[in-house]
Structure formats: C-alpha cells, structure tokens
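K.L.:
Let me see the structure of the following:
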Amino acid sequence: MAHPSLDVQPEVAAALAAHRPVVALESTIIAHGMPYPQNVETALRVEAEVRAHGATPATIAVLNGRLKAGLTVAEITALGQGGRAVVKASRRDLPLLLAAGGTGATTVAGTMIVAALAGIRVFATGGLGGVHRGAQETMDISADLPELAQTPVAVVCAGAKSILDLPLTLEYLETHGVPVLGFQTSEFPAFFTRSSGLPVDARCETAAEVAAILRARWALGHAGVVVANPIPTALALPQDAIDAATDQALREARAQGIVGKAVTPFLLARVNQLTGGDSLAANIGLVLHNAALAAAVAVALEAG
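P.N.:
Residues are numbered from 1 along each chain as shown. Below you'll find the predicted structure:
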C-alpha cells in the first residue's frame, strides 16, 4: 500500500509496476549543491544520463507537504531558483514539512526514505555525508550514515566529501554493518580525488557483481549499501590543492560560526571559489558518472 503522503510521477509508477529499472536522484544538489542555473542544467543532464543507460529517473523532493518520487522540469527549475531558501530535508525534517505543507530539497537520507517508500532500490548522488572533522567534540555526524544502517537503498556515490573525516566515516559504517563496495577500485574515493588511501570492503568490476551483492544483502535484512565510484581520472583534482582549499574553508567556517546544515553547502561553495571553479566542474562530472553506474546497477538488479 502506497504511503498516503507519497506522489509517484506516472512515468516512475509505470516503470515500477512493470519491474523496469528506476534510479532515485536527490534534490539537495539542486537547491544547495550548485548555483543557479548550473544546478537545474545539471539535474536535467543527470536525468538524461539515467535514461541513456536504460533506467527511469526519479528526482525526489517534498513539495507543498507531499513526498514526490519524480519531478517535472518546472518543479526542478523552481527548486533550483529557490536555492538555499529551500529547506534542506533530512529524516528529521520530513514530518515537519508534511505537517506544515512545506517544500524541501531532500538530502541523501531524505531521498533514501522516499525512494524506499516508493519501492526504488538504487540511488545516485554526488558524495555521501559522513562524520565531520572534529566530531569527537561536536558530535556532528551526517544523518546519511544512520539512514544507511536502516533503509534498504543502494547509494552510488563518489565516496564521501573530502571535507569530512573519512576514516571515522568508514568506522561508523563498519560499526553499523553497512557494506562499502568499490566499483573498479580497492580504495575508498574522496569525492574530488580518486583515492583516500582507505580500503573498501569489496571490489566489484561489473554492475552485475554489485547487483548480486545487493540481492544477498537485502535477503539478510533491511539496510543500505554504499557503492563507491571514483571520479573519472580526467576530472580528478590534485590532492594538495583540494586539501589546501578544504583546510582554508574549514577555518573560515569556524571563524564565521557556521554550524549544522549550513556547513556542507558553505564548504562546497568556498572550495569551488578557492579552486577557481574547478571543483564545480568536477562535481558535475562525477554526478553524471554516478548516474550512469546507478542506471547500470538498476538494470542488472531487475535482470536478476
């Protein structure tokens, strides 16, 4: 039975009913991840990439108090134009938006929840949230991580953002039993760079191998899986440049008292400024790359 607050776009509903592959896409990247109009252009390109690889895209958001699995071009454009004025919606925020009739752009966690309610098992994003640097004192841990421990959706990402504490992020996932798969890599990627020096739990060479692990995982219980897909080599940024920009952005965030939900959008925007726009181009490229892999995994999952 469908959730009473959930609207599934007709194209997405038809694909799900026919057991055709569907890929969920988040909307925080539209409202908070990139400036307008690149955010809308990228969202539409990502949907086209999913289609080009044989799956139906379902961009997810909360609009006027309704959970939406699949958006129109007009709805995507409105989120992009609204930008950071749109609520960044994670698990905590969804009931508040539903009760108030509000609008929100879903994070990784928020997207996973709506995708699972709709029956979508594969989700493409840019980078995973994680344990923030200094979390030993602040307890700042993204809601993406506990969501992965309880919601049966595979998240295809370029690893976790390099602004985070990557060793602690992987420790958290291990503690909560979330498998981290590396697609054609044995190392966990760090968003703008292909390697963090940290190992993944298993390396997969094909989408079919990923799909086989997903089936086995979900046969054992309800929880998510991370599919780490390194940024294409041509788009990867130098590690030292990213580290320097990240360190400076973190210092500035602390000096300005930026905390909570505002931290990640600030850091990504500031790193983009400090890299002369290179990080935005890399961000767009890796999201498209992840969308293609997610579609291939969704196709393989339905084929099995």
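K.L.:
show me where the stretch 101-250 of the chain has helices.
P.N.:
Taking DSSP state H, counting those that start in this stretch as the criterion, the stretch 101-250 of the chain carries its helices at 108-118, 135-138, 144-148, 166-175, 207-220, 239-255.
K.L.:
which residues sit against the fifth one?
P.N.:
By Cβ atoms under 8 Å, 6 or more residues apart in numbering, the list of residues contacting helix 207-220 from outside reads 121, 152, 154, 179, 181, 183, 202, 204, 223, 225, 227, 293, 296-297, 299-301, 303-304. Bear in mind the C-beta positions are built from the backbone N, C-alpha and C, glycine included.
K.L.:
what's the answer for the fourth one, then?
P.N.:
The list of residues contacting helix 166-175 from outside it, by Cβ under 8 Å, 6+ apart, reads 128, 130-131, 135, 141, 145, 148, 159-160, 180, 188, 190, 196, 198, 201, 226.
K.L.:
Kindly recompute the last result at 6 Å.
P.N.:
Residues outside helix 166-175 that contact it (Cβ atoms under 6 Å, 6 or more residues apart in numbering) are 130-131, 145, 160, 180, 196, 198.
K.L.:
Can you name the residues that contact the residue nearest the centre of the chain?
P.N.:
Taking Cα atoms, centre = their mean, the centroid of the chain lies closest to Thr125, which sits 3.0 Å from it. By Cβ under 6 Å, 6+ apart, the contact set of Thr125 is 26, 108, 157.
K.L.:
Then Leu274?
P.N.:
Leu274 neighbours (Cβ under 6 Å, 6+ apart): Ala245.
K.L.:
can we see that at 7 Å?
P.N.:
245, 248-249 (Cβ atoms under 7 Å, 6 or more residues apart in numbering).
K.L.:
do you know how far it is from Thr72?
P.N.:
When Cβ to Cβ, to the nearest Å is applied, the distance between Leu274 and Thr72 equals 36 Å.
K.L.:
Sort out which of the contacts of helix 207-220 are in strands and list them.
P.N.:
Among the contacts of helix 207-220, the members found in strands (DSSP state E) are 154, 181, 183, 202, 204, 225, 227.
K.L.:
which one of those is nearest Gly285?
P.N.:
For the ones in strands among the contacts of helix 207-220, the minimum distance to Gly285 (Cβ to Cβ) is 15.7 Å, reached by Phe183.
K.L.:
Excluding chain neighbours, what is closest to that closest one?
P.N.:
Using Cβ to Cβ, 6 or more residues apart in numbering and skipping residues adjacent in sequence, the residue nearest Phe183 is Asn229, 4.6 Å away.
K.L.:
In CSV: the helices of the stretch 101-250 of the chain, plus mean pLDDT.
P.N.:
Listed next are the helices of the stretch 101-250 of the chain as CSV, based on pLDDT from 0 to 100:
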stretch, mean pLDDT
helix 108-118, 98
helix 135-138, 80
helix 144-148, 97
helix 166-175, 97
helix 207-220, 97
helix 239-255, 85
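K.L.:
Between these, which one is closest to Asn283.
P.N.:
Closest of the helices of the stretch 101-250 of the chain to Asn283 is helix 239-255, at 11.8 Å (criterion: Cβ to Cβ).
K.L.:
Count the residues that sit near Gly277.
P.N.:
Residues near Gly277, counting by other Cβ atoms under 10 Å, number 10.
K.L.:
Would you mind measuring from it to Asn283?
P.N.:
Using Cβ to Cβ, one gets 10 Å for the distance from Gly277 to Asn283.
K.L.:
sorry, back to before: so which pair among the ones in strands among the contacts of helix 207-220 is furthest apart in space?
P.N.:
Distance extremes for these: the farthest pair is Ala154 and Ala202 at 13.2 Å, using Cβ to Cβ.
K.L.:
Mind checking which of the two has more residues around it?
P.N.:
Taking neighbours as other Cβ under 10 Å, Ala154 and Ala202 compare with Ala154 leading, 30 against 13.
K.L.:
ok, that one touching Ala228?
P.N.:
No: taking contacts as Cβ atoms under 7 Å, Ala154 lies outside contact range of Ala228: 11.2 Å.
K.L.:
Identify each buried residue in stretch 60-79, please.
P.N.:
Across stretch 60-79, burial judged by 16 or more other Cβ atoms under 10 Å covers 60-63, 67-71, 75-79.
K.L.:
Many thanks, we can stop here.
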